[in-house]
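Student: Sequence below, structure please.
(one chain, ligands or ions: 1)
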Amino acid sequence: MNEAIALMKRHRSIRRYKSEAIPLEHVRLAVEAGQAASTSSAIQSYCVIHVTDGLKRKKLAELTGPQEQVRRAGAFFVVCGDTRRHRLLCAREGRAYEARMEAFLLAVIDATLFAQNMALALESQGYGVCYIGGLRSQLFEVERVLTPPEGVYPLFGMCAGVADESPMERPRLGAEAVLFENKYPDDESMLGMIEAYDERYARYIERREGAGRGWSGSMTKKFAEARRVDVGEYYRSKGADFS
Ligand SMILES: Cc1cc2nc3c(=O)[nH]c(=O)nc-3n(C[C@H](O)[C@H](O)[C@H](O)COP(=O)(O)O)c2cc1C
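Tutor: Residues are numbered from 1 along each chain as shown. So this is what the prediction gives:
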């Protein structure tokens, strides 16, 4: 195993942080590493808002859960899909911005690749990180805190800082359940692989929390009902066209 892979495999989401801030040069280095990620046709449709205002952090901590880590981490970032630059360029040429669903998807994909490179760069500098999807729980309220312009889509947050905990590794599906040769496996094989994973996952939860629920149970609970139903409406209100 090489250094890069070892770093990736050491990853754990960190939710408790020491109060130390992250020096700006470390942030900048991580952002530049994020920017080095591949980007569809070099469109670079992402940006990151480093939230340094204490009041905004407090408000975002409430809106994301509440999640105390958003307030307490050494740094908090909001990763956004960013179609603003492209809109400005079209407008400067007197042309309408006609991009649709594909442009929204590109922005989400680009922003996510950027963010994961940035997260790895932070981890390589000794910090812990935790993504915050809770940012999408109350997007219309988050809008009031961040006031992004049209075409900028807040997607998720990222806490980063010096870890004050060392959590266990959260097991993943076996690679055979995600790596397929030439074609997707039949449902029965897939369910078999999930069953094997469920046992490992339940043991992990049992060690962590004292009671074991398998992965399947958590996923059914999560996906058998609609959640965050206003995200489409929110992104549409920011200029996204899903047609
Ligand atoms: C897009 C995204 C959003 C997430 N949102 C949250 C969140 O709001 N709060 C949280 O505590 N963890 C959040 N996580 C962390 C996941 O729960 C975590 O990555 C997953 O359980 C695997 O655990 P590990 O990262 O420790 O390996 C998020 C992760 C991702 C990728």
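Student: From now on I want contacts and neighbour counts done on CA atoms only, so please keep to that.
Tutor: Will do.
Student: can you pull out the strands in this structure?
Tutor: 46-50, 75-82, 128-132, 152-161 (DSSP state E).
Student: okay, the ones you listed in JSON lines with mean neighbour count, mean pLDDT and distance to residue 214 next?
Tutor: Output for the strands of the chain, formatted as JSON lines (neighbours: other Cα atoms under 10 Å; pLDDT from 0 to 100; distance: least, Cα to Cα, whole Å):
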{"stretch": "strand 46-50", "mean neighbour count": "20", "mean pLDDT": "98", "distance to residue 214": "35"}
{"stretch": "strand 75-82", "mean neighbour count": "25", "mean pLDDT": "98", "distance to residue 214": "31"}
{"stretch": "strand 128-132", "mean neighbour count": "24", "mean pLDDT": "98", "distance to residue 214": "22"}
{"stretch": "strand 152-161", "mean neighbour count": "26", "mean pLDDT": "98", "distance to residue 214": "26"}
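Student: so where's this protein shaky on pLDDT?
Tutor: 212 (pLDDT under 70).
Student: can I see the domain layout of it?
Tutor: 3-167+227-237, 175-209 (automatic domain parsing).
Student: Go through these and name the closest to the ligand.
Tutor: Ranking the domains of the chain by proximity to the ligand (Cα to the nearest ligand atom) places domain 3-167+227-237 first, at 3.5 Å.
Student: before we move on, back to that, ok, and which of the domains of the chain has the densest surroundings?
Tutor: domain 3-167+227-237 (a mean of 18; mean count of other Cα atoms under 10 Å).
Student: Tell me the span between the first and last residue of that domain.
Tutor: End-to-end distance for domain 3-167+227-237, by Cα to Cα, to the nearest Å: 44 Å.
Student: for stretch 56-69, same thing?
Tutor: First residue to last in stretch 56-69 (Cα to Cα) measures 14 Å.
Student: gap between the most far-flung residue of the chain relative to its centre and residue 87?
Tutor: Going by Cα atoms, centre = their mean, the residue of the chain most distant from its centre is residue 94, 34.8 Å out. Using Cα to Cα, we find residue 94 at a distance of 10 Å from residue 87.
Student: residues contacting residue 225?
Tutor: Listed by Cα atoms under 8 Å, 6 or more residues apart in numbering, residue 225 has no contact partners.
Student: on that earlier part again, is it possible to export the domains of the chain to a markdown table including distance to residue 219?
Tutor: Output for the domains of the chain, formatted as a markdown table (distance: least, Cα to Cα, whole Å):
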| stretch | distance to residue 219 |
| --- | --- |
| domain 3-167+227-237 | 13 |
| domain 175-209 | 11 |
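Student: nearest to residue 218, of the ones you listed?
Tutor: Nearest to residue 218 among these is domain 175-209 (10.2 Å), distances taken as Cα to Cα.
Student: Measure how far the closest one is from the centre of its chain, please.
Tutor: With Cα atoms, centre = their mean, to the nearest Å as the basis, domain 175-209 stands 23 Å off its chain's centre.
Student: try stretch 47-54
Tutor: With Cα atoms, centre = their mean, you get 15 Å for stretch 47-54.
Student: Alpha carbons of that stretch, as CSV, please.
Tutor: What follows is stretch 47-54 as a C-alpha-only set of coordinates in CSV (Å, rounded to 0.1, in the frame of the first residue of the first chain):
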residue,chain,number,x,y,z
CYS,A,47,-16.6,27.4,-5.3
VAL,A,48,-16.2,27.1,-1.5
ILE,A,49,-17.3,29.5,1.1
HIS,A,50,-15.1,29.6,4.1
VAL,A,51,-17.5,30.6,6.9
THR,A,52,-15.4,32.6,9.4
ASP,A,53,-18.2,34.8,10.8
GLY,A,54,-19.0,33.4,14.3
